[in-house]
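**Q** Return a 3D structure for these sequence lines:
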Amino acid sequence: MKGNVVVLNGTSSAGKTILARHLQSKCSEVYLLCSLDAFWDMTPYRIPAGSINFPNMKLAIAKSVRALAETGHNVIVDLVFCGQKTYRELTHELEQFNLKIVKVECPLEELEKRELARGNRRVGLAKSQYESVHCGVLYDLEVNTFLNSPEQCAQQIIDSMS
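**A** Numbers count the residues shown, from 1 in each chain. Below you'll find the predicted structure:
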């Protein structure tokens, strides 16, 4: 039995993680959360995210999600594509599964406010990702975390899966 995979793609501070947690709580089936942040949390202290020491981190995530789905787990993926390579790798690894790719949108001005309020992200990170994160990505659904609450966005995703 193969699992379902929901990929949430958007810039840093777009609300992907809180959306993923709401989605987990609202889904009738159990979904594991596989996030880019969790993978970076595995790295040694003081080695920056995106470091050349970890050139294939996003490919490792894609292969990990594939392994989870192959063993029957449903997975929500919290990720930032930042270019075609990550998108191609992920869709290649997951093409045999029930895959839903969701665009998580938020206006740049709000992203910058959220980024400052969080205090745990490099200032300007969301802006640096804003133009490239969605380029060339084919989405099954789009949600807007500025116009809608996390609960509403989660429900939109659930409704699209039925």
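**Q** who does residue 101 bridge with?
**A** Beta-bridge partners recorded for residue 101 (DSSP bridges): residue 7.
**Q** who touches the closest residue to residue 110 other than its chain neighbours in this structure?
**A** With CB to CB, 6 or more residues apart in numbering as the criterion, residue 110 has its nearest non-adjacent residue at 5.0 Å, and that residue is residue 146. The way it works is simple: take the backbone N, C-alpha and C, and place the C-beta from them, glycine included. By CB atoms under 8 Å, 6 or more residues apart in numbering, residue 146 lies in contact with 105-107, 110.
**Q** Now the buried members of the residues you listed.
**A** 105-106 (16 or more other CB atoms under 10 Å).
**Q** In strands, which of the contacts of residue 146 appear?
**A** If you go by DSSP state E, the contacts of residue 146 have residue 105 in strands.
**Q** which one of the contacts of residue 146 is nearest residue 72?
**A** Among these, residue 105 lies closest to residue 72 (CB to CB), at 31.4 Å.
**Q** Help me confirm that that closest one comes into contact with residue 148.
**A** No: counting by CB atoms under 8 Å, residue 148 is not a contact partner of residue 105; they are 10.0 Å apart.
**Q** Put together a markdown table for the contacts of residue 146, with pLDDT and distance to residue 159 on each row.
**A** Listed next are the contacts of residue 146 as a markdown table, based on pLDDT from 0 to 100; distance: CB to CB, whole Å:
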| residue | pLDDT | distance to residue 159 |
| --- | --- | --- |
| 105 | 96 | 17 |
| 106 | 96 | 20 |
| 107 | 95 | 24 |
| 110 | 94 | 24 |
